[in-house]
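Asker: please work out how this folds:
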Amino acid sequence: MTADNTSPEDPPLLHVDRLTVEFPGVRALDGVHFDVRGGEVHALVGENGAGKSTLLKVLGGLHRPSAGEVRLGGQPYRPRRPADALHAGIAVIYQEFNLYPDLTVAENVYSGREPYGRFSRGIRYAEINRRSAELFGILGVHIDPAATVDSLTVSEQQLVEIAKALSVDGRIIVMDEPTAALSADEATRLLDVVRRLRSEGRSVVYVSHRLDEVFAVADRVTVLRDGRHVRTAALADTDPDELVRLMVGRDIAAAAPRAGVAGDEVVLDLAGVSAGRQLRDVSLTVRAGEIVGIGGVAGAGQPEVSQVIFGALPITAGTMTFDGAPYRPGSPADAMAAGIGFLHEDRKAAGLLPDLSVRDNLTISVLGRLRHALTRLLSPAAQAGVFADYRNRLAIRTTGPDQLIGQLSGGNQQKVLLGRALAPGGRLLILNEPTRGVDIGAKFEIHQLINELTADGAAVLMISSDLPELLGISDRVYVLAGGQVVGHLTGADLTEENVIMCATTERRIFSPAGV
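Answerer: Okay, the predicted model is just below:
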């Protein structure tokens, strides 16, 4: 469809022509064409490493093209820094958050654009707090403008980034995976905001791996692959299967097939566990060869469960057993020594070591195993072997082991961190949002790898806000609400409706297997 306030004959508001961006050893964009009309939502899709984030960073003033031209409103557009993009009316919401954790929410929303008193020259805090509250009202959420960002959940931080972009009142709003950290309800409200922006005559560049969102909100879509333009089409002239083929260059299934391989051996058991300010009387089990999912709305306590098991949050009540023995880790080091791998939900704040190489980021969880027995010096050959193994298994796109991890796309960074969690080869894997920001082809590969691990006897506890993923790959699902288990779903009870019902109404549904 075409937005009501524009037509195909109108000259584009933004026009990208033969855009090329080169970095040492890699051409991220190769002669890309792209345009955005006034008052339209234009989706940009492609696999990780296809060039989407690089194109957005050119628009946002973070990268300069090696060749080609960008025109905005018919005039040459050559931003040299992010402030130039904002001044031109382009606001970019990047996949990786760019917030100041020690400042308040309102200070982050209006960072660099703070209103000052006429005489006192102090920041008018009452004004930015009020304006921020109004923006969160538009988004349909309540976040305290006076709270510091480091006190917020990942989901709330994403909403702060979105509010910051909306506060600019720009002509073009660029959104890179804006719903990746949001709950289903929050994502629905954000799509309503996107439609509202379009109705106001503003343009939105919408980047997402969630094709259902693309078809729900976009007017046109552009597909990139390997840094090149593949196709631009109206959404009415294509379908999800065709987009997937264009993105990956081949047919691919929506999810890796899952065979039930769970046995009777209980690897992890939680009984009446309470921790922190939220978790209360949580009981669950994970068996060898099994994928157990944990679902619920944002803030229901899912990350806290994983932190308790990994030794990052102390237990205040209840017991845990691991491989039949009492288990009470005092730190993450204890958990890793016991054979537990962990993938954090926030790869930027708690996962990436940005100043280190891809190889060092991937192998840091197994350095003790890679040292010479006598000298205790790190073996470069052993480290290179682990890197090569997981680079191949996870199809990590990198120029080599020495490339800084910060130079990879978000999805490839996620793959490196997944490799780090897998490298210890432990009995239990705790995966928080394992495919967040990962394209559909890579998601299939990750699911396939998880299936292979469980087939070899590993136990997996997976937390995901992506309901199709949660239901598609899990053997059983526990649903949390208010820090408590309100549902245990398996077999015919394992449906999207039941997960939502338990999570939002706290109606309890427990399959015969119990908790």
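
Asker: can you show me the strands along the stretch 201-350 of the chain?
Answerer: 203-207, 220-225, 228-234, 266-275, 279-287, 291-295, 315-322, 325-326, 340-343 (DSSP state E, counting those that start in this stretch).

Asker: compare the ones you listed and report which one is nearest to Ile509.
Answerer: Ranking those by proximity to Ile509 (CB to CB) places strand 291-295 first, at 12.1 Å. No exception for glycine: its C-beta is placed from N, CA and C like everyone else's.

Asker: so which elements touch that closest one?
Answerer: Applying 3 or more CB pairs under 8 Å, 6 or more residues apart in numbering; DSSP states H and E, we find strand 291-295 packed against strand 279-287, helix 302-309, strand 459-463, helix 467-473, strand 476-481.

Asker: can I get that strand as CSV, trimmed to CA atoms?
Answerer: C-alpha atoms of strand 291-295 as CSV (Å, rounded to 0.1, in the frame of the first residue of the first chain):
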residue,chain,number,x,y,z
ILE,A,291,14.7,-27.3,26.2
VAL,A,292,12.7,-25.5,28.9
GLY,A,293,11.4,-22.1,28.1
ILE,A,294,10.5,-19.3,30.5
GLY,A,295,7.9,-16.7,29.3
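
Asker: from the chain's centroid, how far away is it?
Answerer: Per CA atoms, centre = their mean, to the nearest Å, the displacement of strand 291-295 from the mean C-alpha position of its chain is 18 Å.

Asker: and the angle for that strand with strand 266-275?
Answerer: Computed by axes from the mean of the first three to the mean of the last three CA atoms, to 10 degrees, the angle separating strand 291-295 from strand 266-275 equals 20 degrees.

Asker: quick check: mean pLDDT of strand 291-295?
Answerer: Across strand 291-295, pLDDT averages out at 94.

Asker: what pairs with that strand, and is each one parallel or antiparallel?
Answerer: Applying DSSP bridges, strand 291-295 is found paired with strand 459-463 (parallel), strand 476-481 (parallel).

Asker: who's in contact with the residue nearest the centre of the chain?
Answerer: When the chain is reduced to its mean C-alpha position, the nearest residue by CA atoms, centre = their mean turns out to be Arg436, at 3.4 Å. The neighbourhood of Arg436, defined by CB atoms under 8 Å, 6 or more residues apart in numbering, consists of Ala180, Ala181, Glu345, Arg347, Gln414, Asp466.

Asker: if I pick the third one, what's in contact with it?
Answerer: Put plainly, it is Glu345. Going by CB under 8 Å, 6+ apart, Glu345 touches Val154, Ala181, Pro303, Asn432, Glu433, Arg436, Ile463.

Asker: you'd agree the fifth one is up against Ser464?
Answerer: Which is Glu433. Yes - at 5.9 Å, Glu433 and Ser464 qualify as touching, with contact defined as CB atoms under 8 Å.

Asker: low-confidence ranges, the chain, go.
Answerer: Screening the chain residue by residue with the criterion pLDDT under 70, one finds the ranges 1-9, 119-120, 250-262, 505-506, 513-515.

Asker: ok so, going back, and which of the contacts of Arg436 is nearest Ala503?
Answerer: Using CB to CB, Asp466 comes nearest to Ala503 of these, at 13.9 Å.

Asker: and the closest one, what does it touch?
Answerer: Asp466 makes contacts with Arg210, Glu433, Thr435, Arg436, as judged by CB under 8 Å, 6+ apart.

Asker: need the nearest residue in space to His372, chain neighbours excluded.
Answerer: Excluding the flanking residues, the one nearest His372 by CB to CB, 6 or more residues apart in numbering is Ser379, at 5.7 Å.

Asker: and the one you found, how far from Ala133?
Answerer: When distances are taken as CB to CB, to the nearest Å, Ser379 and Ala133 turn out to be 56 Å apart.

Asker: those two - which one has more neighbours?
Answerer: Between Ser379 and Ala133, counted using other CB atoms under 10 Å, the more crowded position is Ala133 (17 against 14).

Asker: coming back round to it: can you put the strands of the stretch 201-350 of the chain in CSV and add mean neighbour count and distance to Asp144?
Answerer: Formatted as CSV, these follow (neighbours: other CB atoms under 10 Å; distance: least, CB to CB, whole Å):
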stretch, mean neighbour count, distance to Asp144
strand 203-207, 24, 27
strand 220-225, 23, 37
strand 228-234, 15, 42
strand 266-275, 19, 24
strand 279-287, 20, 23
strand 291-295, 26, 27
strand 315-322, 16, 26
strand 325-326, 8, 40
strand 340-343, 25, 30
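
Asker: which of those strands sits closest to Gly74?
Answerer: Between Gly74 and those, the shortest separation by CB to CB is 14.7 Å, and it involves strand 203-207.

Asker: determine the set of other helices and strands touching the closest one.
Answerer: Taking 3+ CB pairs under 8 Å, 6+ apart as contact, the helices and strands that strand 203-207 lies on are strand 41-45, helix 52-59, strand 172-176, helix 184-199, helix 211-217.

Asker: could you chop this structure up by domain?
Answerer: Listed domain ranges for the chain are 14-248, 262-339+426-515, 348-424 (source: automatic domain parsing).

Asker: count the neighbours of Ala216 for me.
Answerer: Burial of Ala216, expressed as a neighbour count using other CB under 10 Å, amounts to 15.

Asker: hmm, it is touching Thr188, no?
Answerer: No - shown here, Ala216 and Thr188 do not form a contact pair, counting by CB under 8 Å, at 9.1 Å.

Asker: just give the closest residue to Ser511, not the sequence neighbours.
Answerer: Among residues not flanking Ser511 along the chain, Thr490 sits closest, at 4.3 Å (CB to CB, 6+ apart).

Asker: phi first, then psi, for that neighbour.
Answerer: Phi and psi for Thr490, reported as degrees, to the nearest 10, are phi -150, psi 160.

Asker: quick check: it touching Arg476?
Answerer: Yes - proximity of Thr490 to Arg476 meets the contact threshold set by CB under 8 Å, at 4.4 Å.

Asker: higher neighbour count, these two?
Answerer: The neighbour comparison of Thr490 against Arg476 (other CB under 10 Å) goes to Arg476, with 22 against 15.

Asker: buried residues in stretch 150-166?
Answerer: Neighbour counts using 16 or more other CB atoms under 10 Å place 152, 154-166 of stretch 150-166 among the buried residues.

Asker: nearest to Arg328, of the residues you listed?
Answerer: Of all the buried residues of stretch 150-166, the one with the least separation from Arg328 (CB to CB) is Val154, at 26.9 Å.

Asker: quick check: that closest one touching Arg347?
Answerer: No - in terms of CB under 8 Å, Val154 does not count as a neighbour of Arg347; the distance is 10.1 Å.
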